[in-house]
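Trainee: need coordinates for the below:
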Amino acid sequence: MTEAQSPEAAARPRRPKQPQRKIIRRIVDGVLLLDKPQGMSSNGALQAARRLLNAAKAGHTGTLDPMASGLLPLTFGEATKFSQMLLDADKTYEAVVQLGVETDSGDAEGSVVATHPVAVDLAQLEAVLARFRGEIEQVPPMYSALKRNGKALYEYARAGIEVEREARRVTIHALDLLDFGADRFTIRVACSKGTYIRSLAMDIGAALGCGAHLCALRRTHIGPFDVTDAVSLGALEACAAEARDGLLASADALVAVYPELRLDGEQARGLLQGRVLPLGRAGAEGLVRVYGPKGFLGLGQWQDGGKLVARRLIATDGGAFDASA
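Mentor: Have a look, this model is predicted:
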């Protein structure tokens, strides 16, 4: 008996430790178009959706800042193999920009570092926006996940250190003014991968001579997907558990931009076994979506002479693709 124990405590039988329950996840394959709420991290949204689906394997196709809301495609199971396809896709955002106030992060979550009087009219704003359409040079913000010497830039920024960043070329496919007030405006931006809307807001403010920061952001489009087809976490939770899988798109939705190729049973089995298929498709090139008699197999790529090789395949029962299928 230790000094801290009473005789009663020493005599009391100890409760056996309860074994920790292991969560048994299930195999779920597909893509969930999620409308991420403002204030939640992308990983937080991913884990919440994974819990509701009880999925064994999950990933996302690029992050969305906690301050931002909107389209966040989540991948489950075999669909995670094609997440990179959306990382490289064009995106569309609706952004609200506050003029006259600069923050250290370039958005509303940062600390104010400068304020300026605002005297901007519609004609001036339209003229400046025109300068940012097409290919532009953009310096990534310090508050970003880009790495320098193995360390994210935002880590330097939080320590009060600013490091030199090289400008990168990005493309603004469309830049439309949706609303304009005395010191605030809303724009729709269709852009290439790697575009920072915070940097765009700051650059527009600098060009207007009054500074600016991003005060709201919503992603509405990624590649072939639109936020109008997305579901909220609340809607996913309200849905009956057995019906939630019905909200998922199939894995091949991520590669729908590529041409479709149908193989017979023998060809499908050969591709799954890693063989090069001499299909004699002269002039064929690039990636293709490949299907066998039982459905989607993955991505293939054409080689010289019309030969097809596997590029990225999903896990499937190769035995299902026999020559008689």
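
Trainee: residues near Ser111, how many?
Mentor: Neighbour count for Ser111, taken as other Cβ atoms under 10 Å: 7. Quick note: C-beta positions are derived from backbone N, CA and C, even for glycine.

Trainee: touching, it and Asp104? I think so.
Mentor: Yes. Ser111 is in contact with Asp104 according to Cβ atoms under 8 Å; the separation is 5.2 Å.

Trainee: residues of the strand ranked longest in the chain that come out buried?
Mentor: In the chain, with assignment by DSSP state E, the single longest strand is strand 168-180. Using 16 or more other Cβ atoms under 10 Å as the test for burial, strand 168-180 gives 170, 172, 175.

Trainee: between strand 168-180 and the following helix or strand past it, find me the angle.
Mentor: Scanning forward in sequence from strand 168-180 by DSSP states H and E, the next helix or strand is strand 184-191. Here the directions of strand 184-191 and strand 168-180 differ by 140 degrees (axes from the mean of the first three to the mean of the last three Cα atoms, to 10 degrees).

Trainee: distance of Ser83 relative to Ile314?
Mentor: Using Cβ to Cβ, to the nearest Å, one gets 13 Å for the distance from Ser83 to Ile314.

Trainee: ditto for Val128
Mentor: To Ile314, Val128 is 47 Å away according to Cβ to Cβ.

Trainee: that older thread, the longest strand of the chain - contacts with which helices or strands?
Mentor: Strand 168-180 is packed against helix 122-130, strand 134-138, strand 184-191, with contacts defined by 3 or more Cβ pairs under 8 Å, 6 or more residues apart in numbering; DSSP states H and E.

Trainee: ok, 6 Å please
Mentor: When contacts are defined as 3 or more Cβ pairs under 6 Å, 6 or more residues apart in numbering; DSSP states H and E, strand 168-180 sits against strand 134-138, strand 184-191.

Trainee: could you dump those strands to a markdown table with distance to Gly150?
Mentor: Below are the helices and strands packed on strand 168-180 laid out as a markdown table (distance: least, Cβ to Cβ, whole Å):
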| stretch | distance to Gly150 |
| --- | --- |
| strand 134-138 | 23 |
| strand 184-191 | 28 |
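
Trainee: go through these and name the closest to Gly59.
Mentor: strand 184-191 (23.1 Å; Cβ to Cβ).

Trainee: need the buried residues of strand 168-180 in CSV (columns: distance to Phe296 and pLDDT).
Mentor: Formatted as CSV, the buried residues of strand 168-180 follow (distance: Cβ to Cβ, whole Å; pLDDT from 0 to 100):
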residue, distance to Phe296, pLDDT
Val170, 33, 96
Ile172, 34, 98
Leu175, 37, 98
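
Trainee: of the helices and strands packed on strand 168-180, which stretch is the most buried?
Mentor: strand 184-191 (a mean of 19; mean count of other Cβ atoms under 10 Å).

Trainee: what about Pro73, which SS state?
Mentor: Under DSSP: H, G, I helix; E, B strand; the rest coil, the three-state class of Pro73 is strand.

Trainee: residues touching it, list them.
Mentor: By Cβ atoms under 6 Å, 6 or more residues apart in numbering, the contact set of Pro73 is 31, 33, 61, 86, 225.

Trainee: just the buried subset of the residues you listed, written out for PyMOL, thanks.
Mentor: Provided next is the PyMOL selection string for whichever of the contacts of Pro73 are buried by 16+ other Cβ under 10 Å:
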select buried, resi 31+33+61+86+225
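
Trainee: format the contacts of Pro73 as JSON lines; extra columns: pLDDT, distance to Leu122 and secondary structure.
Mentor: Shown next, in JSON lines, are these (pLDDT from 0 to 100; distance: Cβ to Cβ, whole Å; DSSP: H, G, I helix; E, B strand; the rest coil):
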{"residue": "Val31", "pLDDT": "96", "distance to Leu122": "41", "secondary structure": "strand"}
{"residue": "Leu33", "pLDDT": "97", "distance to Leu122": "35", "secondary structure": "strand"}
{"residue": "Thr61", "pLDDT": "85", "distance to Leu122": "37", "secondary structure": "coil"}
{"residue": "Leu86", "pLDDT": "86", "distance to Leu122": "36", "secondary structure": "helix"}
{"residue": "Phe225", "pLDDT": "95", "distance to Leu122": "33", "secondary structure": "strand"}
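
Trainee: what about this protein, any weak spots by pLDDT?
Mentor: The model of the chain has pLDDT under 70 over residues 1-22, 142-145, 153, 157, 317-325.

Trainee: tell me which residue is most central in it.
Mentor: Geometric centre of the chain, nearest residue: Gly62, 2.7 Å, by Cα atoms, centre = their mean.
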